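Chemist: Build me a model from this:
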Amino acid sequence: LAVGAKALLLKTDDKFRLFVLPADRQLDTKRIKQELKIKRSRFATAEELLEMTGLVPGSLPPFGQPILPFELYGDAAIGTVEDKVAFNAGSLAHSIVMKASAWKTVARPMEFSFSKRADER
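Modeler: Numbers count the residues shown, from 1 in each chain. Modelled structure (predicted):
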């Protein structure tokens, strides 16, 4: 799971943004609010995700503009266990595995720490 990447679409105040973190970690919304200086955040609904991307939950790939119309944020923990990342490729049945360093070069995410291990508070 540490090499898996989950892409989550969040509405932050009045703007949707895409956050990518290791699959074995949890989103830390407190860190996101602090870093981006926002007051509210919530997950996009399945209907919002479908309307904006044509995709269903679980199939969202970890790419922002120009592929998807969102600012892209990558958690600093991506690629730290191994220089590999696996993610859904716009489908629940197909995945892509590539070097994490290559994903960062191609996707160009804004990076900071916004995840935590399940045992962290």
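Chemist: Centre-most residue in the protein?
Modeler: Val20 (1.9 Å; Cα atoms, centre = their mean).
Chemist: Mind giving me the packing neighbours of the helix or strand that contains it?
Modeler: Assigned by DSSP states H and E, Val20 falls within strand 15-22. Applying 3 or more Cβ pairs under 8 Å, 6 or more residues apart in numbering; DSSP states H and E, we find strand 15-22 packed against strand 5-12, strand 71-75. Any C-beta I mention is one placed from the backbone N, CA and C, and that applies to glycine too.
Chemist: So what are the sheet partners of it and their directions?
Modeler: For strand 15-22, the paired strands and their directions (DSSP bridges) are strand 5-12 (antiparallel), strand 71-75 (parallel).
Chemist: can I get the helices and strands packed on strand 15-22 in CSV with mean pLDDT and distance to Arg117?
Modeler: Below are the helices and strands packed on strand 15-22 laid out as CSV (pLDDT from 0 to 100; distance: least, Cβ to Cβ, whole Å):
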stretch, mean pLDDT, distance to Arg117
strand 5-12, 97, 14
strand 71-75, 98, 12
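Chemist: highest average neighbour count across those?
Modeler: The highest mean neighbour count among the helices and strands packed on strand 15-22, using mean count of other Cβ atoms under 10 Å, belongs to strand 71-75: a mean of 22.
Chemist: Restrict that one to CA atoms and write it as PDB.
Modeler: Extracted C-alpha coordinates of strand 71-75, given in PDB (Å, rounded to 0.1, in the frame of the first residue of the first chain):
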ATOM      1  CA  GLU A  71      -4.600  22.400  -8.900                       C
ATOM      2  CA  LEU A  72      -2.600  19.300  -7.900                       C
ATOM      3  CA  TYR A  73      -1.000  18.700  -4.500                       C
ATOM      4  CA  GLY A  74       1.300  15.800  -3.800                       C
ATOM      5  CA  ASP A  75       2.000  14.600  -0.200                       C
END
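Chemist: thinking again about what came up before, and the strand holding Val20, C-alpha only, in PDB?
Modeler: C-alpha atoms of strand 15-22 as PDB (Å, rounded to 0.1, in the frame of the first residue of the first chain):
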ATOM      1  CA  LYS A  15     -12.400  25.800  -5.100                       C
ATOM      2  CA  PHE A  16     -11.900  22.100  -6.000                       C
ATOM      3  CA  ARG A  17      -8.300  20.800  -5.700                       C
ATOM      4  CA  LEU A  18      -6.800  17.400  -6.200                       C
ATOM      5  CA  PHE A  19      -4.700  15.800  -3.400                       C
ATOM      6  CA  VAL A  20      -2.500  12.700  -3.900                       C
ATOM      7  CA  LEU A  21      -1.200  10.800  -0.900                       C
ATOM      8  CA  PRO A  22       0.200   7.300  -0.200                       C
END
